[in-house]
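**Student:** below are the sequence and a predicted model for it; my questions follow.
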Amino acid sequence: MLPPELQPRLFRPHISPTSSTDPTSSSPNYSPPMTPASTRNFTDRRTSAATSRSNNSRFSPSSFAYNGRIALALVPCAAFLLDLGGAPVVATLTVGLLISYIVDSLDVKFGAFLGIWMSLITAQIAFFLSTSSSLFSSFNNSIPLGFLAAFLSAETNFLIGCWISIQFKWLQLENPSIVIALERLLFACVPFTASSFFAWATISAVGMNNSSYYFLVFVCVFYWLFAIPRVSSFKTKQEAKYHGGEIPDDSYILGPLESCFLSLNLMFMPLLFHVASHYSVMFSSAASVSDLLLLFFVPFLFQLYASTRGGLWWVTKDSHQLQSIRIVNGAIAVVVIVICLEIRVVFRSFGKYIQVPPPLNYLLVTITMLGGAAGAGASVLGMVSSGLSSAFFTALAVIVSSAGAIVVGFPLLFTPLPAVAGLYFARFFTKKSVPSYFAFVALGSLMVIWFVMHNYWDLNIWLAGMFLKSFCKLIVANVIIAMVIPGLVLLPSKFHFLTEAGMVAHALLLCYIEDRFFNYSTVYHYGMEDDVMYPSYMVILTTLVGLAVVRRLFADHRIGSKAVWILTCLYSAKLAMLFLSSKSIVWVSAALLLAVSPPLLLYKEKSKSASKMKQWQGYAHAVVVAISVWFCRETIFDTLQWWNGRSPSDSLLLGFCIVLIGLACIPIVALHFSHVLSAKRSLVLVVATGCMFILMQPPMPMTLSYHSEMIDAARQSADDISIYGFMASKPTWPSWLLIVALLLILAAATSLIPIKYVVELRTFYSVAMGLALGVYISAEFFLQAAVLHALIVVTMVCASVFVIFTHFPSASSTKLLPWVFALLVALFPVTYLLEGQVRIKNELGDNVAWGWDAREEDKKVTAMLAIEGARTSLLGLYAAIFMLIALLIKFELTSLLREKVSESGPSKTQGGARGMMFPTRTRLMQQRRATSIQSFAIEKMSEEGAAWMPAVGNVATIVCFAICLILNIHLSGGSSQAIFFLAPILLLLNQDSDLLSGFGDKQRYFPVTLAISTYLALSSLYVVWEEVWFGGNTGWGVEIGGREWFFAVKNLALLILTAPGHIIFNRYVWSYSTKNSGPSPMLTVPLSFAAVVITDVFQVRLLGVLGIVYSVAQYVISRQQHMKGLRYI
């Protein structure tokens, strides 16, 4: 049957287009008030309906309503293409989509649209370049198949682009006809593409056996999703009321032509695919001929069933004619399918259960199958309605049940039992008698029990970890419960708890049976280890069927939300068997899903205005989640062992458990306590704690580590020692200190520790942070230099106190913090020098004690290298500390300036109209106001006793920059490229009252450019000097007219040629004066270009390139400023 909104008027006499609350449905004579606008719209509708078909349904901008269907079809195809394309396609697509996202964030809609299409095109080109050879080789170098596969991938890429394009709202508003065409294109082409890709992926996984039937299934699924008539997302739905409730044909997405092509694809493509892939054997046997007939008549019968939902609306609108087509063609298709199934399936696979000799067995099997198919078809088409048809249906049920019982060998003496069972079933179906159904269930259960005992009870087989008799009991119980559930569904609503109990019991038994069949499949009898007892697709099929039944029962209000929650978790937990091989994976997954899913499934009907959970319920759910995750610990251990290839440590296992608890609690916080800030902070703290355990992996005490038989057995393997050998262990207990320090930082950042308001707590917090970090750094990086531990700890405590009290100052901290910083600066050279002296003294003392000779230079070299490494680590530590201090002071000063600017906001608002008229003057006034505000801020800080902050920030910045230069010389030999990464450190300089009194916000880029130019110039001089001094064979090599002399003169002259461009640009960066807006900066370009071309020194060439860039940039910027000034004049 068609959905109500799609049924023609001939099939349904009257359907109200709106709900009962609409006045148009409650009163047939109701007429809406005709305002001028509505009159004009009504007239336009009548005019458009009379003029053209394309204007019959007006465009209505809205979101695309079928994203779920398109995603179900195209997302797996895209994943399959990405897997085929590999890293080149992924990288190309990622870069392109990132650029498109940036363009879209800049509100350039057409640029984002064009960027997405260019990303898809470049990704397709990368796909062709990276997979061309493998694509053809996978099809045995068949050129036609290779080109078809390439065309299919390109078509899929194009359809993905169309799907993305249809999401743009501006495209709907500016080009409505294009959006409607894209929607039609998607619905017309996606069934072809998706069914082909799904079949391709399935065949790649399981092989060509039964490939035509896989393709048949996918074609039927996508035909049902896209070919059943759907109303367009972009056509107005209000026109139905002007057609008596009938949806006009123009409102459908697909037209008659597209629907016809989809029907032809459904009926003929599986058959053509089978002919193309099995042409050599398609007439070799009766089973092969049956395959041909089945591949045509099964989709043909499916097409006839789809016509009850409007699948053949393009053929005729006459419901009686459609019914005649269904009956005649359906009868022919059923007869052919039944005969082919007997040949292909029944007598081939189940012949041993047929206890009747030929030719009587053929007759009885045909009567059973054909009669059952005829009864099912009549019920689907609604033909069992009158008394005569009911009598025929009852007789057919009795005959079919009796014939089926005789076929399987049921004793003739008890043949009336199946006949009575068929009679009760027909009575239930025709008269909706619930007692008749339960009588049928009782008799049918007896027959099922007899069949199982007759065929399997006497077999003494150990199957999947238990005897076959035990499996027979479980299967019989599950079948009986499945037969009882339909009768329970029809009971009154007060007995719906029986339906829920039956569904849950059936799901539990199904999970247990499939778990035994699938996970214990290697425990077979008589050495049948290679046989597949229970295929993977059966797990997927039973899961999908179970979820569909649960959804339908819930939609019909036959079961409650709690039953839906339990059943959804049980059916979904079975899918974990496909990915993990743990014996208890089903029950562990079910427990975890039952703990995680209540916020998603049990509280959906509550009001959204307040918290859907109460506070105690949130705590209770969080505790249940934690318990369930701990219950899953062995499964997590198995997963980590499979991923890493070796047993995980206790801390790694604990870290993953904590992270999983945090992630599982996200629905609780996000959906029910999103307004509670402490809940969000606690969740962040939990996840961060787990991540720290994963990254640090601290040693776990024996009392806290978990040991079970499975984990102990996994860790007793000697493979690690045999492969990796004995490795020297490094102390890992300092990682606990780092974890504590990071947790303290997170707790303070999330305000769980109120250090902002309690000075004493702030002091204790800063000292604890410094101690933890100091001890960690000392034990982790300077373990052999015990004397330095105290200095490093004091350094970290000073840094911690300075940072925390600078960010959260107290009444007396502004007076003490400069002294703390001075102590920190003084500790730097002391620690650096003491490290070398203490290490050298210790090494020499050891050498003397053990009788070392001073001639053992190799050990001295080793000691010096160790000292050099330790000093480099110290330099890195102090560089990080001074960088942190400089960043913090810059942040504090910027925040203070922002507050002063916001305080001066009213005066700025009062002069808004004047600024509108004179934008340039307003900009100059704003610059002057910013300068005055900065000066005022410095004066204000002087009054508050914090005038030291800019000077301290400048000292920290300069010291950090100097240390980084030293590290650059030690680690990379003075790399010239490193200055471009180090010079931006000078952006942290501030204006102060002493050292940089004339330095303002306008000059913030001057130190960067000056540092780059100076460093490269000095580096050039050093390279020239080094080449001249060490380039000759003997000492100083400067001889008039010699090679070194010529090298020095030439490169020094070229270095001087690059100086004008850099000097002019640095002066411009300092003043930003517009008097150089003429071509004077460009005059230095030839000088820099000559240096680039002629020089032999890389640093000089780099200076020349920078000089050219500086000159062009100065000319462009100053020219723009000059043109703006002219426009103002």
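**Tutor:** That came through fine.
**Student:** select the longest helix from the chain.
**Tutor:** Longest helix in the chain, counting residues (DSSP state H): helix 857-903.
**Student:** output the below-cut-off pLDDT ranges for the stretch 651-800 of the chain.
**Tutor:** 701-732, 783-786 (pLDDT under 70).
**Student:** for it, what spans make up the helices?
**Tutor:** In the stretch 651-800 of the chain, the helices defined using DSSP state H, counting those that start in this stretch lie at 666-672, 677-696, 709-715, 719-724, 734-749, 759-781, 788-807.
**Student:** give me whichever of these is most buried.
**Tutor:** helix 788-807 (a mean of 21; mean count of other Cβ atoms under 10 Å). (Each C-beta comes from the backbone N, C-alpha and C, glycine too.)
**Student:** what helices or strands is it leaning on?
**Tutor:** helix 759-781, helix 813-849, helix 857-903 (3 or more Cβ pairs under 8 Å, 6 or more residues apart in numbering; DSSP states H and E).
**Student:** and these: which comes nearest residue 1089?
**Tutor:** Ranking the helices and strands packed on helix 788-807 by proximity to residue 1089 (Cβ to Cβ) places helix 857-903 first, at 37.2 Å.
**Student:** and the angle from the closest one to helix 788-807?
**Tutor:** Comparing the axes of helix 857-903 and helix 788-807 via axes from the mean of the first three to the mean of the last three Cα atoms, to 10 degrees yields an angle of 10 degrees.
**Student:** for the remainder of this discussion, apply numbering that starts at 52.
**Tutor:** OK, 52 is where the count begins now, so the last one is helix 908-954.
**Student:** quick one: list the elements packing against helix 908-954.
**Tutor:** Helix 908-954 packs on helix 839-858, helix 864-900, helix 970-994, helix 999-1023, going by 3+ Cβ pairs under 8 Å, 6+ apart.
**Student:** for these, which has the smallest mean pLDDT value?
**Tutor:** In terms of average pLDDT, helix 970-994 trails the rest of the helices and strands packed on helix 908-954, at a mean of 49.
**Student:** residue 377 touches residue 355, doesn't it?
**Tutor:** Yes: between residue 377 and residue 355 there is a contact under Cβ atoms under 8 Å: 5.0 Å.
**Student:** find the nearest non-adjacent residue to residue 1031, please.
**Tutor:** The shortest distance from residue 1031 to any non-neighbouring residue, by Cβ to Cβ, 6 or more residues apart in numbering, is to residue 1063 (6.8 Å).
**Student:** which element, helix or strand, includes that neighbour?
**Tutor:** helix 1057-1082 (DSSP states H and E).
**Student:** quick check: mean pLDDT of the helix or strand just after that helix?
**Tutor:** Remark: after helix 1057-1082, the chain's next helix or strand is helix 1094-1122, criterion DSSP H and E. On average, the pLDDT along helix 1094-1122 is 81.
**Student:** what of stretch 171-182?
**Tutor:** On average, stretch 171-182 scores 88.
**Student:** so which bits of that stretch are buried?
**Tutor:** 171-172, 174-175, 177-178, 181-182 (16 or more other Cβ atoms under 10 Å).
**Student:** one more: stretch 491-501?
**Tutor:** Using 16+ other Cβ under 10 Å as the burial criterion, the residues of stretch 491-501 that qualify are 491-492, 494-496, 498, 500-501.
**Student:** export those residues as a markdown table, with columns for pLDDT.
**Tutor:** Compiled in a markdown table, the buried residues of stretch 491-501 are given as follows (pLDDT from 0 to 100):
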| residue | pLDDT |
| --- | --- |
| 491 | 88 |
| 492 | 89 |
| 494 | 89 |
| 495 | 87 |
| 496 | 89 |
| 498 | 88 |
| 500 | 89 |
| 501 | 88 |
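**Student:** residues contacting stretch 743-754, please?
**Tutor:** With Cβ atoms under 8 Å, 6 or more residues apart in numbering as the test, stretch 743-754 has contacts from 700-703, 705-707, 709-710, 783-784, 786-787, 789-790, 793-794.
**Student:** cool, stretch 386-405 as well?
**Tutor:** 337-338, 341-342, 344-345, 348-349, 352, 412-413, 416-417, 420-421, 424, 458-460, 506.
**Student:** what's the spacing between that stretch and its chain's center?
**Tutor:** For stretch 386-405, the separation from the chain centroid amounts to 46 Å (computed by Cα atoms, centre = their mean, to the nearest Å).
**Student:** with just CA atoms, put it into PDB.
**Tutor:** Taking C-alpha atoms only, stretch 386-405 is exported to PDB below (Å, rounded to 0.1, in the frame of the first residue of the first chain):
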ATOM      1  CA  VAL A 386       5.400 -20.600  -9.600                       C
ATOM      2  CA  VAL A 387       8.700 -20.100 -11.400                       C
ATOM      3  CA  ILE A 388      10.500 -19.100  -8.100                       C
ATOM      4  CA  VAL A 389       9.100 -22.100  -6.200                       C
ATOM      5  CA  ILE A 390      10.200 -24.600  -8.900                       C
ATOM      6  CA  CYS A 391      13.600 -23.000  -9.100                       C
ATOM      7  CA  LEU A 392      14.000 -23.000  -5.300                       C
ATOM      8  CA  GLU A 393      13.100 -26.700  -5.200                       C
ATOM      9  CA  ILE A 394      15.800 -27.500  -7.700                       C
ATOM     10  CA  ARG A 395      18.400 -25.100  -6.400                       C
ATOM     11  CA  VAL A 396      18.000 -25.200  -2.600                       C
ATOM     12  CA  VAL A 397      15.400 -27.700  -1.200                       C
ATOM     13  CA  PHE A 398      16.400 -31.000  -2.900                       C
ATOM     14  CA  ARG A 399      20.100 -30.100  -3.000                       C
ATOM     15  CA  SER A 400      20.600 -28.900   0.600                       C
ATOM     16  CA  PHE A 401      17.700 -30.400   2.500                       C
ATOM     17  CA  GLY A 402      17.100 -33.600   0.700                       C
ATOM     18  CA  LYS A 403      18.100 -35.700   3.600                       C
ATOM     19  CA  TYR A 404      15.200 -34.300   5.700                       C
ATOM     20  CA  ILE A 405      12.600 -35.300   3.000                       C
END
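**Student:** right, I'll leave it there.
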